[in-house]
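In: For reference, the sequence and a predicted model appear below.
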Amino acid sequence: MDLHIPPRPLRIGDQAPPFSARTTHGDITLDQFRGRWLLFFSHPADFTPVCTSEFIALAEAASMFEAANCALLGLSVDSLYSHVAWVRAIKALAGVEIPFPVVEDPSMAIGRAYGMIDDEATDSSAVRATYVIDPEGIIQATNWYPMQVGRCVDEMLRTVHALQRTMDGSVLTPACWRPGDDVLLPPSLPSDDSPDWFHRLRPDA
Ligand code: BEZ
């Protein structure tokens, strides 16, 4: 696979680099997710405590991502054999089935294309990078967490919901917004008549 390494980190608005890969659910291509939202996340290593907790939390929230038409896709530089063994071990340990595919990336081709490999790191582990990719294959949100801090799955799902709600540009979502909460109207011109012109909170239609 010949993946282009971007000259700068991927940003919101960039096309997600296309790839094909082996996963715990068979071969996949990024194209397969067109028409759906995709949460694409990397983790430093299989069989590690924080990563295991994240996988269990993601598995437990999988039906809520499904209801939001958002697929889940994991990645690390570990081999497919390691991923399969780890997923089985999670099932044996916690009774949790991992319902999403996990990409193997031992060549780091995908991790490098997505900026999931920290150039400053002393080893080749992927960082905890997360990309929310829209149904057209455009990156709409991204974050990076260090290896010692697990991500909050609730916030991942909330971000997907907020991106979906604001996609048509008609409203904005305030801090900590959740579906059903009030939304904000886009900024308007200063006005003495409407003192709330810079913060127009309205019930969601
Ligand atoms: C963890 O997920 O717990 C972990 C990952 C990489 C290094 C150390 C810990």
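Out: Received it, and whenever you're ready, just let me know what you need.

In: rest of the way, CA atoms for contacts and neighbours
Out: Noted.

In: Centroid-nearest residue for this protein?
Out: The geometric centre of the chain, computed from its C-alpha atoms, lies nearest to Leu39 (Cα atoms, centre = their mean), at 3.3 Å.

In: Now that residue: phi and psi?
Out: Dihedral pair for Leu39: phi -100, psi 110, per degrees, to the nearest 10.

In: Just grab the bridge partners of it for me.
Out: Leu72, Val132 (DSSP bridges).

In: That one contacts Ala68, doesn't it?
Out: No: using Cα atoms under 8 Å, Leu39 is not in contact with Ala68, being 11.2 Å away.

In: and the residue nearest to the centre of the chain, what is it in contact with?
Out: Cys70, Ala71, Leu72, Leu73, Thr130, Tyr131, Val132, Ile133 (Cα atoms under 8 Å, 6 or more residues apart in numbering).

In: For the last one, grab the count of nearby residues.
Out: This points to Ile133. Ile133 has 27 neighbours, counted by other Cα atoms under 10 Å.

In: Is the nearest residue to it once chain neighbours are set aside in a helix, a strand, or coil?
Out: Of all residues not flanking Ile133 in the chain, Ile139 sits nearest, at 4.4 Å (Cα to Cα, 6 or more residues apart in numbering). Using DSSP: H, G, I helix; E, B strand; the rest coil, the structure places Ile139 in strand.

In: Domain boundaries for this protein, per the record?
Out: According to automatic domain parsing, the chain comprises the domains 20-151, 168-205.

In: Please identify the most buried of those.
Out: Of these, the one with the most neighbours on average (mean count of other Cα atoms under 10 Å) is domain 20-151, at a mean of 18.

In: tell me, which helix in this structure spans the most residues?
Out: Assignment by DSSP state H gives helix 49-67 as the longest helix of the chain.

In: ok, now which ones touch Pro41?
Out: One thing to correct before we go on: residue 41 is Phe, not Pro. Leu73, Gly74, Leu75, Arg128, Ala129, Thr130, Tyr131.
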